[in-house]
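1. Here is the input, now give the coordinates:
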Amino acid sequence: MSFRFLASITITLAIFAGEAAANLPLLDEDLGAQEIVEKMIVQEEANNELARRYEYQQETVTEKLDKNDQVVQSTTKTAKQRLQSQISYKVQGMKGGKEVQTEVGFGSAPDERPQQDGTYLEAMTIRELSRYYDFHREKDEPVDGVAHYVLSFKPKDAKDIPKAKSREEKVLAHLTGRLWIHPADFSIVMSDSRLVSPLPFAIIDLVSLRDLHIRYQAFKLNDQVWLPKQMDLSYQVRILYFKMIRERQKAVMRNFVKWDAPSAKGGDDGMEVSDSR
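-> Residues are numbered from 1 along each chain as shown. Predicted coordinates for the structure are as follows:
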């Protein structure tokens, strides 16, 4: 393969990239953080109407770590999911003297009460999340060569945050991070958040979340709908002062297809395909 051929390919790609960038609107320097958030809410709610029509395959690798962050056990689970509740993650904890799992989902209404096994489903839409955070516009940053809006967020003062109905809401009220927002439609392309400080889940700190780091990426399918691409999660939970649970998870979403249903509120949330250890 000649250098001239490679050069011509590079030039062609550069031209296409330039044309694509030219079709994107210029970032509005006068937009404040709250105005951007309001546009994000409108866009997300419109996008979710389309996104919930899809199901996909999610591969989740969960790794248990020792105190040196070395992997001691790894589990890979592949399941078919629907975007009714979108992405979820589970964190082990302690309730009533036994371990349970708590779950956070994207896009659904929050459960008022936990299930019998202690599992909660918590809404994490932008409209819901905006109740917890103060936003600040940061310097714009490129993503895949295109300038994106960047917002940082941190918890509001305790007096301004709704009273938590679940431990997940407590977690939400203690996250800080950044959002990368597409300039054309104000969709979240990436997010990175982590716990501000250790968070007790039980009286006198018998169970506490010591660390939590969440990274999320989305992609646009056929230039029509934004869908989840990947979520990375790591956390540490301390139990009874001497036991520490350390885990990290990587969930990759692929093979999106539309499913036939009159309403995204019907049907199963997910159908398990395989579980390998």
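
2. what's the one helix or strand K80 maps to packed up against?
-> Applying DSSP states H and E as the criterion places K80 in strand 71-82. When contacts are defined as 3 or more CB pairs under 8 Å, 6 or more residues apart in numbering; DSSP states H and E, strand 71-82 sits against strand 54-65, strand 270-276. (C-beta placed from N, C-alpha, C; glycine too.)

3. Mean pLDDT lowest where, among these?
-> For the helices and strands packed on strand 71-82, mean pLDDT drops lowest on strand 270-276, to a mean of 35.

4. OK, contacts around the residue nearest to S191 when sequence neighbours are not counted?
-> Among residues not flanking S191 along the chain, Y216 sits closest, at 4.6 Å (CB to CB, 6 or more residues apart in numbering). When contacts are counted by CB atoms under 8 Å, 6 or more residues apart in numbering, Y216 touches I87, I188, M190, S191, D192, P228, Q230, M231, D232.

5. Check L206 too.
-> Residues near L206 by CB under 8 Å, 6+ apart: M94, P200, I239, L240, Y241.

6. change it to 7 Å
-> Contact analysis of L206 by CB atoms under 7 Å, 6 or more residues apart in numbering lists L240.

7. could you measure it against H174, distance?
-> 18 Å (CB to CB, to the nearest Å).

8. follow-up on the earlier one: adding distance to V61, neighbour count and secondary structure, write the contacts of Y216 out as JSON lines.
-> As requested, the contacts of Y216 are exported to JSON lines (distance: CB to CB, whole Å; neighbours: other CB atoms under 10 Å; DSSP: H, G, I helix; E, B strand; the rest coil):
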{"residue": "I87", "distance to V61": "15", "neighbour count": "22", "secondary structure": "coil"}
{"residue": "I188", "distance to V61": "23", "neighbour count": "20", "secondary structure": "strand"}
{"residue": "M190", "distance to V61": "20", "neighbour count": "19", "secondary structure": "strand"}
{"residue": "S191", "distance to V61": "20", "neighbour count": "18", "secondary structure": "strand"}
{"residue": "D192", "distance to V61": "19", "neighbour count": "15", "secondary structure": "strand"}
{"residue": "P228", "distance to V61": "16", "neighbour count": "23", "secondary structure": "strand"}
{"residue": "Q230", "distance to V61": "11", "neighbour count": "17", "secondary structure": "strand"}
{"residue": "M231", "distance to V61": "12", "neighbour count": "22", "secondary structure": "strand"}
{"residue": "D232", "distance to V61": "10", "neighbour count": "17", "secondary structure": "strand"}
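
9. In a markdown table: these, plus distance to K67 and pLDDT.
-> As requested, the contacts of Y216 are arranged in a markdown table below (distance: CB to CB, whole Å; pLDDT from 0 to 100):
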| residue | distance to K67 | pLDDT |
| --- | --- | --- |
| I87 | 29 | 39 |
| I188 | 34 | 93 |
| M190 | 30 | 95 |
| S191 | 29 | 93 |
| D192 | 25 | 95 |
| P228 | 32 | 90 |
| Q230 | 27 | 93 |
| M231 | 25 | 90 |
| D232 | 21 | 93 |
